[in-house]
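# Can you look at this prediction? I've put the sequence above it.
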Amino acid sequence: MIDVMQEYTVEHNGRSYTFKHGDPFDRGMADSYYGRIRGPHKGGVGGGSGLRNTDLTRQEIADYGAGYNYNEAQGDKKDWG
């Protein structure tokens, strides 16, 4: 189970991303993992991530996209079978 308070760091395209559950990078990874279309947001999906928020800054939109792209590159997808 993911610790909603824990911070995680990953390297992607020469940049380091530090995030926690519900942050835009995390939500981008989750959307990719579950096979959802891109739809930049933060929060709002289970755990302690709060309400889904689509009012993002340019940086948050970029972080969401980076999280989505990171997971796509990893090929980590939910097995629905």
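Nice, thanks for sending it over. Residues are numbered from 1 along each chain as shown.

# which SSE is the residue nearest to the spatial centre of the chain in?
Here the mean C-alpha position of the chain is nearest to the C-alpha of residue 26 (CA atoms, centre = their mean), at a distance of 2.2 Å. Using DSSP states H and E, residue 26 maps to helix 24-33.

# and after that helix, which helix or strand comes next?
Trace forward from helix 24-33 with DSSP H and E and the next one is helix 58-74.

# what's the angle between that following helix and helix 24-33?
40 degrees (axes from the mean of the first three to the mean of the last three CA atoms, to 10 degrees).

# Can you give the distance of helix 58-74 from its chain's centre?
Centroid separation between helix 58-74 and its chain, computed with CA atoms, centre = their mean, to the nearest Å, is 7 Å.

# what comes into contact with that helix?
Around helix 58-74, the neighbours that count as contacts under CB atoms under 8 Å, 6 or more residues apart in numbering are 10, 12-13, 15, 17, 19, 23-33, 38, 40-42, 56. In this view, the C-beta of every residue, glycine as well, is placed from N, C-alpha and C.

# Output it as PDB - backbone C-alpha positions only.
What follows is helix 58-74, C-alpha atoms only, in PDB (Å, rounded to 0.1, in the frame of the first residue of the first chain):
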ATOM      1  CA  ARG A  58       1.900  25.500 -16.000                       C
ATOM      2  CA  GLN A  59       4.600  23.700 -13.900                       C
ATOM      3  CA  GLU A  60       1.900  21.300 -12.400                       C
ATOM      4  CA  ILE A  61       0.700  20.500 -15.900                       C
ATOM      5  CA  ALA A  62       4.300  19.800 -17.000                       C
ATOM      6  CA  ASP A  63       4.800  17.600 -13.900                       C
ATOM      7  CA  TYR A  64       1.600  15.700 -14.700                       C
ATOM      8  CA  GLY A  65       2.800  15.100 -18.300                       C
ATOM      9  CA  ALA A  66       6.200  14.000 -17.000                       C
ATOM     10  CA  GLY A  67       4.600  11.500 -14.600                       C
ATOM     11  CA  TYR A  68       2.400  10.100 -17.400                       C
ATOM     12  CA  ASN A  69       5.400   9.800 -19.800                       C
ATOM     13  CA  TYR A  70       7.600   8.300 -17.100                       C
ATOM     14  CA  ASN A  71       5.100   5.500 -16.500                       C
ATOM     15  CA  GLU A  72       4.600   5.000 -20.200                       C
ATOM     16  CA  ALA A  73       8.400   4.600 -20.600                       C
ATOM     17  CA  GLN A  74       8.400   2.100 -17.700                       C
END
